[in-house]
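Asker: could you work out the structure for the sequence below:
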Amino acid sequence: MPLDAICLAAVREELSGRIAGMRIDKVRQPERDIVILSLRGSGAVCRLLLSAGSGDARIHLTEHQLENPDTPPSFCMVLRKHIVGARIVSVSQPPAERIIDLTLDAPDALGVLSEKHLIIELIGRVSNIILTGEAGIIIDCLRRIGGDIDGKRAVLPGLLYRPPPQQEGKLNPLAATVDEWHEAFGRLAASTADGWLLSAFSALSPLICRELCWRAYGETDFPMNRIPDGGEALRREFFLLMDQAKSGASEPWSITCGNAAPRDFSYTRIAQYEDAFVVSREESFSHMLDKHFTRFAMLERVRQRASAMTKTVRTAHDRLIRKLVAQREELKKTEGRESLRQSGDIIISNLHLMEKGQNELVAEDYYSEEGGMRSIKLDPLKTPRQNAERYYKEYKKAKNAQGYLIEQIMLGENELKYLESLLEEIGLAEGERDLLSIREELALSGYVKARKQAGKKHKESAPMVFLSSTGARILAGKNNTQNDLLTLKTASKSDIWLHAQKTHGAHVIIECNGGTPEDATLLEAAAIAAYYSSARNAGKAAVDYTLVKHVKRQPGGRPGMVIYTDYKTVVAVHDEQLVKSMRI
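Answerer: Down below sits the predicted model:
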């Protein structure tokens, strides 16, 4: 559902108690429509996400660290100039409007405080983030809108800020009276009760309109011509929900599919889906919105950008499998090469009985334990000795082919493991930098063409950093290049190295500083190694661990391929919540 005005009011109330009085420490714009404010105050830090996307406009605190572009957009630079160091005075919202106004005390270049407003309009396709100064003059805005002859509102730097026009003919549900309800009920025509609610009141989403109908009549699209008692049941449920919203009793409820993919969310418990979806109460509105939008938006964005790369690796993977199948078939054929040598020997031992022009030799098979005769095909155009040499030549060819095929199959199997590790890497990628690192690895491996670097080189992505419950730092690589760098160059020889057993995954390092990690730290690091591996969905996974000094690069192996000795094994439980809570 869109973030309707009543749900936004609950978000505003929650944010007001959390961020009022905090100062803006940093401003980042990781995506075209997303601005993140890093806030600091009273010993606490947090990140406030503002989105003006057409399908995901919202405001909430976020735990995710979105990746910054190498060059900040111009709007981000304007915000940094005007509001870094500003204190958030208040968080307000016009009645029943999808607009949030952050009132700021912002210092100018001379340190003189002045009032500024950061206005977030969450109104569908024309959502916007607008910075205004004294007297409401627009300093800059994320999305510039020029006026036209139809009287369309202009949003441009230098103009006076005017709020969006209100919806005409609709009632504010939070301020509506019983008399206004009855008047609208008799005046407005609609085929279903949820359609009537949507046309009669602003600030109500289709989800809430359907839910009210469900609560009143047990159907989401109850026909208007079947409503009994002048809609008293619907009126009762409507005012009960509005009283709940006005009293500040709204609660964050998320609706997810069976695979945990987000479906919907609301400020009241939704019953209309019955058992079709999972309905659960979240710890806060920010947590709910962050999980619903940010996490899955990041995953979907990376998935879309990685699709071409995945296709390239998958194609090479499938081609290699077909090649290995053909090579194993060829190898199987070489297993009968001894019979070729034996046929040559039998021909040689029977030369005195043979003459040119024979097409078959039937002779005693002295290689067979049971004895008997062997029939050997001959080329009638060749002499008996030439036929024997032909069999010896085919034997030698098969023997040489066996050695070559065994070597090629071994190389192919290693390459297959490498390609599978690349597919795992792509699945672990969290942003554009991770994908660029993987692409560079593909280029070095010869699977894609290397791109010419225009301008400055992109900033390399860093390994993941975690903090255990005992305070130990744990590092984990997100791709083969990082794994190599982390294990073979960055880590101390006395650090602990972990990896999921016999599967693809991240190299994990416990920084020990010459000491021995506690058991809790070891188990938590093993959980990280299990989670960031292809055994992620297995529930449990065996994880090997040893000192870094016992880990060596695999001779002739691709990046990330190592051999290790003197290791022990621990069983790690897949615990996504634990892994996410440790990451910093």
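Asker: looking at Pro2 now. What's its pLDDT?
Answerer: Per-residue pLDDT puts Pro2 at 66.
Asker: so which strand or helix has Leu8?
Answerer: Under the criterion of DSSP states H and E, Leu8 resides in helix 5-19.
Asker: now do that helix: everything it contacts.
Answerer: 1, 3, 39, 46, 48, 59-61, 88, 90-93, 96-98, 100, 122, 173-174, 202-205, 208, 245, 248, 250, 252, 265-267, 284-286, 289 (CB atoms under 8 Å, 6 or more residues apart in numbering). Yep, even glycine has a C-beta here, placed from its N, CA and C like the rest.
Asker: please pick the buried ones from the residues you listed.
Answerer: 3, 39, 46, 48, 59-61, 88, 91, 93, 96-98, 100, 122, 173-174, 202-205, 208, 245, 250, 252, 265-267, 285-286, 289 (16 or more other CB atoms under 10 Å).
Asker: out of these, which are inside strands?
Answerer: 39, 46, 48, 59-61, 88, 91, 100, 265-266 (DSSP state E).
Asker: and Ile24, how many neighbours does it have?
Answerer: Residues lying near Ile24 (other CB atoms under 10 Å) number 25.
Asker: average pLDDT across stretch 415-428?
Answerer: 83.
Asker: that stretch: which residues count as buried?
Answerer: 415-419, 421-428.
Asker: just how off-centre is that stretch within its chain?
Answerer: Its chain's C-alpha centre and that of stretch 415-428 lie 16 Å apart, by CA atoms, centre = their mean, to the nearest Å.
Asker: contacts for that stretch, please.
Answerer: Contacts of stretch 415-428 (CB under 8 Å, 6+ apart): 306, 309-310, 313-314, 316-317, 320-321, 324, 434-435, 438, 441-442, 445, 478-480, 504-506, 532-534, 557-558, 560-561.
Asker: quick one: the buried residues of stretch 415-428 as TSV, columns for distance to Leu131 and secondary structure too.
Answerer: Output for those, formatted as TSV (distance: CB to CB, whole Å; DSSP: H, G, I helix; E, B strand; the rest coil):
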residue	distance to Leu131	secondary structure
Glu415	54	helix
Leu416	54	helix
Lys417	52	helix
Tyr418	49	helix
Leu419	49	helix
Ser421	46	helix
Leu422	44	helix
Leu423	44	helix
Glu424	43	helix
Glu425	40	helix
Ile426	38	helix
Gly427	39	helix
Leu428	37	helix
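Asker: neighbouring contacts of the lowest-mean-pLDDT helix or strand in the chain?
Answerer: Every helix and strand of the chain was ranked by mean pLDDT, DSSP states H and E. The lowest is helix 432-444, at a mean of 79. Helix 432-444 is touched from outside by 67, 302, 305-306, 309, 312-313, 422, 425-426, 428-429, 448-451, 458-461, 478-482, 559, with contacts defined as CB under 8 Å, 6+ apart.
Asker: what sits against the closest residue to Ser38 other than its chain neighbours?
Answerer: Counting by CB to CB, 6 or more residues apart in numbering, Lys26 is the residue found nearest to Ser38 once chain neighbours are left out, at 3.9 Å. If a contact means CB under 8 Å, 6+ apart, then Lys26 has 37-38, 84 as its contacts.
Asker: buried members of the contacts of helix 432-444 into PyMOL, please.
Answerer: Only the buried entries of the contacts of helix 432-444 go into this PyMOL selection, using 16+ other CB under 10 Å:
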select buried, resi 67+302+306+309+312+313+422+425+426+428+429+448+461+478+479+480+481+482+559
